[in-house]
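Colleague: Curious how this folds, go ahead:
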Amino acid sequence: MTKSLLSAACACALLASFPAEAAQTVRLAHTAAVSHVHHEAAMQFAKAVEARTNGEYKVEVYPAGELGDQPALAEQITLGALDMSIVSLGNMAMYAKELNAMTAPFLFSDYDQAHKVIDGFVMDWMNAKLEANDAVGLSMFDYGFRQTTTKGIVVNSADDLKGVKIRVPPSTGLLAAFDAIGANTQRIAYSELYTSLKQGVVAGEENPVFTILADSLFETQDQLALTNHYFDCQVFLANKMFMDGLPENVRVIFKEEAVKAQNLTREKISHGEAQVIEELKAKGMNVTTPDRASFVSKMKPAYEKVSQLSGKAAMDELLAAIEKTK
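Modeller: Predicted structure coming up:
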């Protein structure tokens, strides 16, 4: 072997002993079922980031509460123990009390209005409040308008739910709304909801129709009331130090793909709701459209409760932003 060929062979051997730098792993956790559009959006984000960074960043998605429930995921983000997650605004209100304002019932009349307010006001307003907790929202996933289901109780007005034992998540506005109409609200962990409904511990619950279908809640409930009492959305959240530490071009990719993932949830949920309702009908659910005014007329105590927790200024700011879209 000539000297030049020997040198080249040695150089190749030396390079081979130093493998290419491993891809940086990014952990993204959420609590939705793998059949839910939030998981689809998370997977779309993961695949797009890996493709656009030529494999330098690999997003590992942990669905269905594998890394904890939403309060736990929110805490992990603020502590820097988790890179990204999908968490409700109600859970983030633990870190910024002003966000309680977004848990108020009957804020939005339809999806279009909700999206305008989120894009034009809520995102910047929210991130200003979360900055001190090392968290940043990249986009907002639709979760859908929440509806009410019951077993054997037909709901045509708010009075039909008076005294009914109904499971409500620990969101300030949701609890306040059902308390205001006289329902017997019960705080039961979501992981125990299906069993509680099946055993008759509670007679009803409330969730977007996508969750009712994806988690088979229709197996325990025969009535679906389209109350549209709360527009539910969840923050596509990241640890701020993690985001700030990304190279600028990669940070741009993360932000762009977060918005694309958001838009997937908007497309599938707002446009797919009617089809899901038809599927629930086919599975035996009776569907009613209760008198909205019968609920709204009873919401004053709920708004007072939410305002106490968010601060009147925050509630007024949000309501002013909503009013501009009317």
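Colleague: tell me the contacts of residue 73?
Modeller: 29-31, 67, 82, 85-87 (Cβ atoms under 8 Å, 6 or more residues apart in numbering). The C-beta positions use only the backbone N, C-alpha and C, and glycine is treated the same way.
Colleague: tell me the SS of residue 155?
Modeller: For residue 155, the assignment made with DSSP: H, G, I helix; E, B strand; the rest coil gives coil.
Colleague: Which residue, other than its chain neighbours, is closest to it?
Modeller: residue 225 (3.7 Å; Cβ to Cβ, 6 or more residues apart in numbering).
Colleague: Residue 41 and residue 264 touch, don't they?
Modeller: Yes - Residue 41 lies in contact with residue 264 (Cβ atoms under 8 Å); the separation is 4.8 Å.
Colleague: quick revisit: tell me the two of the contacts of residue 73 that are most distant?
Modeller: The most widely separated members of the contacts of residue 73 are 31 and 82, with 12.7 Å between them, by Cβ to Cβ.
Colleague: ok, so what distance separates the spatially closest residue to residue 23 that is not a sequence neighbour from residue 27?
Modeller: Leaving aside its chain neighbours, residue 23 sits nearest to residue 58 (4.4 Å; criterion: Cβ to Cβ, 6+ apart). Going from residue 58 to residue 27 by Cβ to Cβ, to the nearest Å gives 10 Å.
Colleague: Please apply the same query to residue 155.
Modeller: From residue 155 to residue 27 the distance is 41 Å (Cβ to Cβ).
Colleague: out of those two, which sits in the busier spot?
Modeller: Neighbours per residue (other Cβ atoms under 10 Å) separate residue 155 from residue 27, with residue 155 holding more: 23 against 16.
Colleague: which residues sit in contact with the more buried one?
Modeller: 148, 161, 223, 225, 227, 288, 290.
Colleague: Okay, and which of the residues you listed map to strands?
Modeller: Using DSSP state E, 148, 223, 225, 227, 288 are the members of these that sit in strands.
Colleague: The second one bridge partners, please.
Modeller: In this structure, residue 223 has the following beta-bridge partners (DSSP bridges): residue 150, residue 286.
Colleague: Look at residue 291 and say how many residues are nearby.
Modeller: So residue 291, with other Cβ under 10 Å, has 15 neighbours.
Colleague: That one and residue 157 touch, don't they?
Modeller: Yes - using Cβ under 8 Å, residue 291 is in contact with residue 157, at 4.9 Å.
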